[in-house]
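Trainee: what would the 3D arrangement of this be:
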Amino acid sequence: MAHTLTVDVVVFNYTPKALADIWVQDHYVGGFVQEYGPGGTGGGIYCCIEVKPGPTHVRWEYDRSPSDTRPDELFKRDVIGVIPKPHGAYKYLGVHIYPDDHVEFTLSRDIPDEKKEGVH
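Mentor: Model (predicted):
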């Protein structure tokens, strides 16, 4: 059986749109995360899920007005990122969602900081 981690999930939204209904490895981790703003990111913390390191599906929908009649598929995303293999005990999983719809993960002992795309 693959090693699992019990973590609090911290979602960082670096996109210019709010996110709704975010899922990591089929665990619901948030219902609404504000869009990126000057001087910071939209974000939120969700407590206590079990995740496995390795390739991981992340799903979300971009928020939209109720009067927007475009097809739902235009707003849904299902992408794969890689949760790093832990080297020690970690409490937080940072889920970093970037404007080009890709995801990067960080593991940390304290609430994670923002992360520039591609920087470890």
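Trainee: residue 107: how many residues sit nearby?
Mentor: Neighbourhood size, residue 107 [other Cβ atoms under 10 Å]: 21. To be clear about C-beta, it is placed using only N, CA and C from the backbone, and glycine gets the same treatment.
Trainee: over to it. Which of the three states is it?
Mentor: Following DSSP: H, G, I helix; E, B strand; the rest coil, the label given to residue 107 is strand.
Trainee: could you find the closest non-adjacent residue to residue 99?
Mentor: Nearest-residue entry for residue 99: residue 15, 4.8 Å, with adjacent residues in sequence omitted and distances by Cβ to Cβ, 6 or more residues apart in numbering.
Trainee: report pLDDT for the one you found.
Mentor: pLDDT recorded at residue 15 is 89.
Trainee: how about residue 40?
Mentor: At residue 40, pLDDT is 62.
Trainee: before we move on, what about the one 5 residues further on?
Mentor: At residue 45 the predicted local confidence, pLDDT, stands at 87.
Trainee: list the contacts of it.
Mentor: The neighbours of residue 45, taking Cβ atoms under 8 Å, 6 or more residues apart in numbering as the test, are 8, 9, 10, 11, 111.
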